[in-house]
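Need a 3D model of the sequence below.
(4 chains)
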There are 4 protein chains.
Amino acid sequence: RYFVEEKDILERHKIFHKASHKGDFGKVLLVGGSKGKLGAIMLSAKAALRTGSGLISTFVPGFGLPIMQSSIHEVMVETCTGNDILDSAPENLDRFDTIAIGPGMGTDEKTAEALKNILESYKGKMVIDADALNIIAKRKDLKELITSQMILTPHLKEFERMVGDDVKYPEGRIEKALEFSQTYGCVLILKGLHSLITTPAGIQYFNPTGSQFLATGGTGDVLTGVVASYLGQGYSVENAALCGVYHHGLAGQLAGEDQRRGTIASDVIEKIPETYKNLGLS
Amino acid sequence: RYFVEEKDILERHKIFHKASHKGDFGKVLLVGGSKGKLGAIMLSAKAALRTGSGLISTFVPGFGLPIMQSSIHEVMVETCTGNDILDSAPENLDRFDTIAIGPGMGTDEKTAEALKNILESYKGKMVIDADALNIIAKRKDLKELITSQMILTPHLKEFERMVGDDVKYPEGRIEKALEFSQTYGCVLILKGLHSLITTPAGIQYFNPTGSQFLATGGTGDVLTGVVASYLGQGYSVENAALCGVYHHGLAGQLAGEDQRRGTIASDVIEKIPETYKNLGLS
Amino acid sequence: RYFVEEKDILERHKIFHKASHKGDFGKVLLVGGSKGKLGAIMLSAKAALRTGSGLISTFVPGFGLPIMQSSIHEVMVETCTGNDILDSAPENLDRFDTIAIGPGMGTDEKTAEALKNILESYKGKMVIDADALNIIAKRKDLKELITSQMILTPHLKEFERMVGDDVKYPEGRIEKALEFSQTYGCVLILKGLHSLITTPAGIQYFNPTGSQFLATGGTGDVLTGVVASYLGQGYSVENAALCGVYHHGLAGQLAGEDQRRGTIASDVIEKIPETYKNLGLS
Amino acid sequence: RYFVEEKDILERHKIFHKASHKGDFGKVLLVGGSKGKLGAIMLSAKAALRTGSGLISTFVPGFGLPIMQSSIHEVMVETCTGNDILDSAPENLDRFDTIAIGPGMGTDEKTAEALKNILESYKGKMVIDADALNIIAKRKDLKELITSQMILTPHLKEFERMVGDDVKYPEGRIEKALEFSQTYGCVLILKGLHSLITTPAGIQYFNPTGSQFLATGGTGDVLTGVVASYLGQGYSVENAALCGVYHHGLAGQLAGEDQRRGTIASDVIEKIPETYKNLGLS
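Reported below is the predicted structural model:
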């Protein structure tokens, strides 16, 4: 078990030189959204943009297309067959360097099938979050599709649903996280005051950054976008998880200094670039 | 009767520690909006976000869903049966720590029935504002549903409709407010230059903050969001009313220093976090 | 003929005291917009808000409702019968302290009839701009509806259409403006480098503020909103015209210092509050 | 071959005096957008506004109208016949001082015909970008419509498609660009770390500004808007290309200093006015 320090993060970051092009910064697909919960996937997309992705596409239900396009001009939008919920998977997943799935997605049966389809067919690195976790928690066949290419990002309640049991906080989570990560062979980010990152190799990292002002709707969706962005930039699942959680927490601290209790998820996104400045990174 | 001071506000605030989570900051439902007046409920939602709520849902007519989702990404949206006006109540109201109702809602007969349904079935703390007050003013059966869990926030004209009489300003309002609060057993915020907060116990507080620049469309909707946010954060109805009116007025002053006569309701919302800094609160 | 100075503007402004309420700041209706040109009326509405109006309503074609509501939350929206163009007049015009009409409205025959309807039935002060001027230019019956309660705000080309003749710039405009203003008995703002304000009493004012950076799409719509806002705040047509043109020009200068050639109409709007600060006004 | 310096740019800029009007700053039409890729044309439009255009119109598929109008209020919107893709050309192209075409447009067969229609009928200066280049790459008949009034702005991959061959980077591009520019008689901007501008007269300029943080989705669309804006302001194709690439790169540097790896295309747009200040230009 290890308490992450700034120097660990600095070591794990990639440096991009002046001749880098869009492809180097990665092509990310973000899948999520459902009627009334589209904001979640927009927050993920904005966070991925601010973390440094080169090209971002989203895959959302049909109703979401005009909403996405009027809100974010740097992102491309694809839609599934249905209008209100995610009921199909995107085609040609190999176009993307990484995929994140879950924010605002809902847990409809058809959505579960679309998720299964994606988990089965995509071979790249993935972030699994929110309702994708809630769906997986109920389906043994989906749990078996978890691989070492995946980062799962549950908060405590979502984690309890996945392990099917109460988790005694704070002590119990350490053991349970280790067990889960080793059983399914994935990286696990268990979100909380000091988020706990566990690798299938059995290493556990506590993240030092963060603030109570991150305890507001949408900050989890922001983390998903940040971690996915690092995967797209070519980071290993372990480095993406560690750097993502660290920068997300630091951005939350910076936002909280300005906005206090009034901090919203969008503030955290806008502070991500300042975390690069703070750490002296390009 | 009492003129509120800064120290009174400081005493009445809750402090949130580093391990606080979304649940501690409360789950708020905001009900309102109608064709042409959707902005009102958006201002309430943004104000509640900036005051510190953990999770905010809105309940609006169907036409409002894409508008809400493209405007605020941190808020979830539910819709009633009808497209143009509020014609039904949300389900499972117990999901929410508090409900505010009224901004931009209109006074259609069907909306009145939806309001009645909510007043009858919800047992938590509530803020009643704007068109919800205008509906109640005309319906004796709805007046009887007012409880000690409710904060009513009329401006002078809405108050006159409720008491069915002219109110001699400024003196007459004090007595009338006391009478109303004691008759119906609710906390009453009578908005104006020095807003008057009256509790059913007969205590009356004058709020010292505010400015003429708050005299612009939408600032009442902002107050509704602020007060609802405090209720959701676990404040008593009295403390939510006092803190809400105080911070709202202070935010208005701060906005007015920058924007003078050009102050708009959105400016007031953006200044709420600065009120926490000003008072040295987290 | 008179070159306006800062002190003239200071004398003509109303002062609003701390107990002022929304009604004192005026209730304004802005009429305009058509498919592809809705931005014009949104700029007018935002400008009126930033100039100090208490309550603003817009009247637009049906397609415009969701667009307006997602863009400006402080403004109420009413719609005409048709979806794409303005084809009817709003009801109960006496609800409003002033009406401005024209921005982005188009010149369809049905729109001309709606304009005629409004000019005939509304008795308060008005601003007539843009396509409303283009319609009037072609219709003798509409020209006869011009009254001393109205401010017309043509740029040179629109003015030439109204007088049905070329105007020799710069000298010719002075005489022509005087003639027009006296013939129709209205205040005329002839926009240009030094905008010329002519009253039916035969007084002509040159405005000293402005900049080449105001020469960009939408700044005329901003002026309409500013002048309408002053009418709603209870200014005489002469004072509204003078103060409106002066503050608009000053806001354009302030925006131009920051944004140079890249100044856009929205920048001008956001600088209006600073003009109050600059002049030491509340 | 020539490495551009600041003084070259200063010499090539036009100066606009105080009496300049909207017409002097030019009337620009931007053509592009398709379902899921509308952001591209919005970025171009915003960039052209910030570069100094007087009046901007966009021509987009029908679905895009409400999205454009809720996102940018200074721009007028016209639509083609179809809802999802560009399937027809705008009428009366002579209304515009310049036309840019391509961003987010897609490569549908009908879109190709619309492009052909525009290339054949418009006689003014043009910028050809993105999917317009991809279409032209596949059609010999369209290549023959390229004229000396046109600036083509491919990145390396688009250029390879146009020349039908791999281009050896960095050396090979110089010769190939010269060959292309001379064959088709157009100005060519080959985008990259040091963008290369080639004129049909055989002069080749390397642009000194830029940063790796410009390697993110949408920055190419921004360049299209900037270059089109200069064409509309009356610059020669050579001067528009040189000034456009220089200011775009400088804006990217300024944005990158603030936002580092988190720089997005919208940041670059917002920094364009600062480039005028930096160079001491009005």
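
and the lengthiest helix in chain A with chain B, contact?
Ordering each helix of chain A by length in residues (DSSP state H) puts helix A:237-259 first. Yes. Using Cβ under 8 Å from any Cβ of the partner chain, helix A:237-259 reaches chain B at A:258-259. Every residue, glycine included, has its C-beta placed from N, CA and C.

Okay, and the beta partners of residue A:206?
residue A:3, residue A:196 (DSSP bridges).

hmm, back to that, restricting to C-alpha, output the longest helix of chain A in CSV.
Written as CSV, here are the backbone C-alpha positions of helix A:237-259 (Å, rounded to 0.1, in the frame of the first residue of the first chain):
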residue,chain,number,x,y,z
VAL,A,237,-4.1,1.6,-17.3
GLU,A,238,-2.1,2.0,-14.1
ASN,A,239,-0.7,5.4,-15.0
ALA,A,240,-4.0,6.6,-16.4
ALA,A,241,-5.7,5.7,-13.2
LEU,A,242,-3.1,7.3,-10.9
CYS,A,243,-2.6,10.5,-13.0
GLY,A,244,-6.4,10.8,-13.6
VAL,A,245,-7.4,10.6,-9.9
TYR,A,246,-4.5,12.9,-8.9
HIS,A,247,-5.3,15.6,-11.4
HIS,A,248,-9.0,15.4,-10.8
GLY,A,249,-8.5,15.8,-7.1
LEU,A,250,-6.1,18.7,-7.5
ALA,A,251,-8.5,20.4,-9.9
GLY,A,252,-11.2,19.9,-7.3
GLN,A,253,-9.0,21.6,-4.6
LEU,A,254,-8.2,24.5,-6.9
ALA,A,255,-11.9,24.9,-7.8
GLY,A,256,-12.9,24.7,-4.1
GLU,A,257,-10.5,27.5,-3.1
ASP,A,258,-12.5,29.8,-5.4
GLN,A,259,-16.0,28.5,-5.1
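
Of all the residues in it, which ones are buried?
Across helix A:237-259, burial judged by 16 or more other Cβ atoms under 10 Å in any protein chain shown covers A:237-256, A:259.

do you know how far the residue in the stretch 151-282 of chain A positioned nearest to chain D is from chain C?
Of all residues in the stretch 151-282 of chain A, residue A:273 sits closest to chain D, with a separation of 3.5 Å (Cβ to the nearest Cβ). Using Cβ to the nearest Cβ, to the nearest Å, residue A:273 is found at 22 Å from chain C.

What strand or helix carries that residue?
Here residue A:273, judged by DSSP states H and E, is contained in helix A:265-278.

check whether that helix contacts chain B.
Yes. Helix A:265-278 lies within reach of chain B by Cβ under 8 Å from any Cβ, at A:265-266.

cool, stretch A:39-55 as well?
Yes. Residues of stretch A:39-55 are located near chain B by Cβ under 8 Å from any Cβ, namely A:39-40, A:42-43, A:46.

Widest-spaced pair of these?
Of all pairs drawn from those, the one with the longest distance (Cβ to Cβ) is A:40 and A:46, at 11.1 Å.

my guess is residue A:279 contacts residue A:7, does it?
No. At 10.0 Å, residue A:279 and residue A:7 do not qualify as touching, with contact defined as Cβ atoms under 8 Å.

what's the span of stretch A:256-265 from first residue to last?
11 Å (Cα to Cα, to the nearest Å).

Report whether it contacts chain C.
No. Judged by Cβ under 8 Å from any Cβ, stretch A:256-265 stays clear of chain C, getting no closer than 15.8 Å.

gap between that stretch and the chain center?
Taking Cα atoms, centre = their mean, to the nearest Å, the mean C-alpha location of stretch A:256-265 is offset from the chain mean by 21 Å.

Buried residues of stretch A:195-212, list them for me.
A:195-200, A:204-212.

Residue A:40 and residue A:46: which has the busier surroundings?
More crowded of residue A:40 and residue A:46, by other Cβ atoms under 10 Å in any protein chain shown: residue A:40, with 29 against 25.

ok, which stretches of chain A are helices?
Using DSSP H, helices in chain A cover A:6-12, A:22-25, A:39-51, A:64-71, A:109-121, A:130-138, A:140-143, A:156-163, A:171-184, A:219-232, A:237-259, A:265-278.

Take these and write them to a markdown table, including mean pLDDT.
A markdown table is the format used below for these (pLDDT from 0 to 100):
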| stretch | mean pLDDT |
| --- | --- |
| helix A:6-12 | 97 |
| helix A:22-25 | 90 |
| helix A:39-51 | 98 |
| helix A:64-71 | 98 |
| helix A:109-121 | 98 |
| helix A:130-138 | 98 |
| helix A:140-143 | 97 |
| helix A:156-163 | 96 |
| helix A:171-184 | 95 |
| helix A:219-232 | 98 |
| helix A:237-259 | 98 |
| helix A:265-278 | 98 |
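
if we can go back for a sec, pretty sure the residue of the stretch 151-282 of chain A closest to chain D contacts residue D:258?
Yes. The pair residue A:273 and residue D:258 qualifies as a contact (Cβ under 8 Å) at a distance of 6.9 Å.

Near chain B, which residues of chain A are found?
A:35-40, A:42-43, A:46, A:63-64, A:66-67, A:70-71, A:192-193, A:211-212, A:215-218, A:258-266.
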